[in-house]
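*Asks:* Below is the sequence, then the predicted model.
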Amino acid sequence: MNQKESIFHERKQEFACEDHQNQETKMFEDLFRDFLKKQTGKRGDLSEHDLLIEFIEHFCIKNGIPFRALMDQLERSFLVRILSEMNGNQKATSEVLGIKPTTLYEKVKRHNIRFRKDSI
């Protein structure tokens, strides 16, 4: 395989990975909307702890989502949100989150998060 074919193959793999993540994200968003619909009217009766337990039960037990997959999706969504608010600045984001920049870098890499910094 020559260099151009190798680069093409790598990009194709990246797009396949991104497409899988987008499908996973959409599935989680749909399940979360379903969870919120079921909680309408019940939320006032539940403590924050009970609401969290019901949230986890909804995903993991009722919908068969592995707990680790749920936590990964929540972490990814949270990181994307904070990075967006920090204009992609990983150093500032790590400070806000109270983690080392290298830890944030590894999480960004693991979740395949990409972003562009906006010009000022």
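*Replies:* Now that the structure is in, tell me what you want to look at.
*Asks:* Could you point out which residue ranges in the protein have low pLDDT?
*Replies:* 1-21, 40-46, 116-120 (pLDDT under 70).
*Asks:* Try it again at 90.
*Replies:* Scanning the chain for pLDDT under 90 picks out the ranges 1-55, 58-59, 62-63, 114-120.
*Asks:* Can you tell me the centre-most residue of it?
*Replies:* Nearest to the geometric centre of the chain sits residue 76, at 2.4 Å (Cα atoms, centre = their mean).
*Asks:* So that one, which state does it fall into?
*Replies:* helix (DSSP: H, G, I helix; E, B strand; the rest coil).
*Asks:* State the number of residues packed around the nearest residue to it once chain neighbours are set aside.
*Replies:* In space, and not counting its chain neighbours, residue 76 is closest to residue 111: 4.3 Å by Cβ to Cβ, 6 or more residues apart in numbering. C-beta: built from backbone N, CA, C; applies to glycine. Other residues near residue 111 come to 16 when the count uses other Cβ atoms under 10 Å.
*Asks:* mind checking how far residue 111 is from residue 52?
*Replies:* In this view, residue 111 and residue 52 are 22 Å apart by Cβ to Cβ, to the nearest Å.
*Asks:* So residue 39 sits against residue 54, correct?
*Replies:* Yes. Counting by Cβ atoms under 8 Å, residue 54 is a contact partner of residue 39 at 7.3 Å.
*Asks:* Which of the helices or strands spans residue 53?
*Replies:* helix 48-56 (DSSP states H and E).
*Asks:* which residues touch the host helix or strand of residue 82?
*Replies:* Here residue 82, judged by DSSP H and E, is contained in helix 67-85. With Cβ atoms under 8 Å, 6 or more residues apart in numbering as the test, helix 67-85 has contacts from 21, 24-25, 28, 56, 59-60, 89-90, 93, 96-97, 104, 107-108, 111, 113, 115.
*Asks:* Run the chain-centre distance for it.
*Replies:* Between the centre of helix 67-85 and the centre of its chain there are 3 Å (Cα atoms, centre = their mean, to the nearest Å).
*Asks:* What distance do you get for residue 74 to residue 91?
*Replies:* Using Cβ to Cβ, residue 74 is found at 23 Å from residue 91.
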